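Participant: could you look at this predicted model? Sequence included:
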Amino acid sequence: MRIYFDNAATTPMSPEVIEVMTHCMQQEFGNPSSTHSEGRKARALIELSRKSIAKYLHASIGEIFFTSGGTESNNMAIKCAVRDLGVQRIITTNIEHHCVLHTVESMEKYMNVDVVYLEVDHEGRIDISDLETALQASNVKTLVSIMHANNEIGTLNDIARIGTICHANGALFHSDTVQTVGHYPVHADELNIDFFSGAGHKFHGPKGIGLLYINSRNAIKPFIDGGAQERNMRGGTENIYGIVGMARALEDAYEHLDERMGYISDLRSYLKESLLEWQPEICMNGAENGLYTVLNVAFPPNSKSEMLLTVLDIHGISVSGGSACSSGSDKGSHVIGAIGRDPSWKSVRFSFSHFNTKAEIDQVMEKLKTILPITAFTHLQLEKH
């Protein structure tokens, strides 16, 4: 039986979500744009799902738009802000997800947008005073794009405070909240925020479906042309099965939020304590009070750690070295580099869900002790003396 500790990349769909999606596939197959009975039923399911999602995100129904996932949502927010809202300048960080960084680079290259990258500290946090200075350095229309929680190291940003600062300085604020929607309360009515994103597969829903919150004060044009779907904002036949599945997954996530948060936090602490008890030289990347679903561990350099991910996989343990969207790249993590971690240390991201157990952590520790025997760290202890 394999052990899956890569839930920040994607989560397994819950049985409840599979059940509601299967029913929809079998019984509610109509095109939501059709005016006959099947079409009307499909349209009703979409709008009921939108209403449910809006309720849990404390947004109005008209502020929730369905997309193909977090990448499209973030692209839509940034590109439409430039095209439709007059943004000429973007302030972001160099540890954003690549779907944000590459979009910003595209706006710089093709739309002549000025880009400012804020530095982060060794935990992956910005200095708020740097943001204020950057905002006050120019009078041109500015968009700030800073993620809620980093997908690799789990560091959390205070997006409520950031949003307040942005709006006090006349700037728009977008946050990539893909890692936090469904895992933390994200209440649109309590945040000075213009855009935020979510992806169903990050909270036990299906892949290929996401959402974008667009504050009603921002009037943007369609991102995908071709039809009147999504209130004239996104052409194309709606992914009704995905929408229904995501709505059910988000409902489950928020109805059991406190219980799951406590349980998963306990798993994270248990693994951290087990690792440090075994080998105190091991370090944790990111902030201590970061995303409770993620533990990014830096193993000291030694001859055994370079192939650690592969060997763990062979032993039936799924973990990652960072963002799943960068798999296959040999450049290393841009996040780990930005926080100043020595690249010779092997960083491994363990990420958890409520389906995981402490027994699985015990099994992982047994395998780690076999793969990385204590003698592999002897040179570190000798160097200290």
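Facilitator: Cool, the structure landed.
Participant: please count neighbours and contacts with C-alpha atoms only from this point.
Facilitator: Noted.
Participant: quick check, Leu131 in a strand?
Facilitator: No. Leu131 is assigned helix when assessed by DSSP: H, G, I helix; E, B strand; the rest coil, not a strand.
Participant: that one - how many residues pack around it?
Facilitator: 21 (other Cα atoms under 10 Å).
Participant: swap in Thr103?
Facilitator: Based on other Cα under 10 Å, the number of other residues close to Thr103 is 17.
Participant: so the closest residue to it other than its chain neighbours is in which element?
Facilitator: Nearest residue to Thr103, sequence neighbours excluded (Cα to Cα, 6 or more residues apart in numbering): Asn75, at 6.2 Å. Element membership of Asn75, judged by DSSP states H and E, is helix 70-85.
Participant: ditto for Gln363
Facilitator: Using DSSP H and E, Gln363 sits within helix 358-371.
Participant: which secondary structure elements does that helix contact?
Facilitator: Applying 3 or more Cα pairs under 8 Å, 6 or more residues apart in numbering; DSSP states H and E, one finds that helix 358-371 makes contact with helix 257-278, helix 308-314.
Participant: can I get those in a markdown table with distance to Ile61 and mean neighbour count?
Facilitator: Shown next, in a markdown table, are these (distance: least, Cα to Cα, whole Å; neighbours: other Cα atoms under 10 Å):
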| stretch | distance to Ile61 | mean neighbour count |
| --- | --- | --- |
| helix 257-278 | 22 | 16 |
| helix 308-314 | 43 | 16 |
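Participant: now Arg217. Its backbone dihedrals?
Facilitator: Dihedral angles of Arg217 (phi, psi; degrees, to the nearest 10) stand at phi -80, psi -10.
Participant: contact partners for the residue nearest to Lys358 when sequence neighbours are not counted?
Facilitator: Leaving aside its chain neighbours, Lys358 sits nearest to Leu267 (6.3 Å; criterion: Cα to Cα, 6+ apart). Shown here is Leu267, whose contacts under the criterion Cα atoms under 8 Å, 6 or more residues apart in numbering are Phe352, Thr357, Lys358, Ile361.
Participant: by neighbour count, which of the residues you listed wins?
Facilitator: Neighbour max across those (other Cα under 10 Å) = Phe352, 24 neighbours.
Participant: sorry, back to before: can you put the helices and strands packed on helix 358-371 in JSON lines and add mean pLDDT and distance to Glu38?
Facilitator: Converted to JSON lines, the helices and strands packed on helix 358-371 look like this (pLDDT from 0 to 100; distance: least, Cα to Cα, whole Å):
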{"stretch": "helix 257-278", "mean pLDDT": "98", "distance to Glu38": "35"}
{"stretch": "helix 308-314", "mean pLDDT": "95", "distance to Glu38": "45"}
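Participant: now distance to Gly226 too, for those, in a markdown table please.
Facilitator: Shown next, in a markdown table, are the helices and strands packed on helix 358-371 (distance: least, Cα to Cα, whole Å):
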| stretch | distance to Gly226 |
| --- | --- |
| helix 257-278 | 38 |
| helix 308-314 | 43 |
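Participant: quick check: domain ranges of the chain?
Facilitator: 3-10+256-384, 15-255 (automatic domain parsing).
Participant: count the neighbours of the residue nearest to Thr103 for me.
Facilitator: Neighbours of Asn75 under the rule other Cα under 10 Å: 18.
Participant: how close does it sit to Lys304?
Facilitator: 40 Å (Cα to Cα, to the nearest Å).
Participant: for Lys369, same thing?
Facilitator: In terms of Cα to Cα, Lys369 sits 11 Å off from Lys304.
Participant: before we move on, back to that, which residues does the residue nearest to Thr103 contact?
Facilitator: Per Cα under 8 Å, 6+ apart, neighbours of Asn75: Cys99, Val100, Thr103.
Participant: would you mark the buried spots in stretch 34-52?
Facilitator: For stretch 34-52, a neighbour-count test (16 or more other Cα atoms under 10 Å) marks 38-43, 45-46, 48-52 as buried.
Participant: so which strand or helix has Tyr292?
Facilitator: Going by DSSP H and E, Tyr292 is not part of any helix or strand.
Participant: that one touches Tyr270, doesn't it?
Facilitator: No. Counting by Cα atoms under 8 Å, Tyr270 is not a contact partner of Tyr292; they are 11.9 Å apart.
Participant: shared neighbours of the two, anything?
Facilitator: With Cα under 8 Å, 6+ apart, Tyr292 and Tyr270 have no common neighbours.
Participant: gap between the residue nearest to Thr103 and Ile224?
Facilitator: In this view, Asn75 and Ile224 are 11 Å apart by Cα to Cα.
Participant: name the residues contacting each of these two.
Facilitator: Contacts common to Asn75 and Ile224, judged by Cα under 8 Å, 6+ apart, are absent.
Participant: could you pull up phi and psi at the residue nearest to Gly163 when sequence neighbours are not counted?
Facilitator: Nearest non-adjacent residue to Gly163, counting by Cα to Cα, 6+ apart: Asn192, 4.6 Å away. Torsion angles at Asn192 (phi, psi; degrees, to the nearest 10) stand at phi -80, psi 80.
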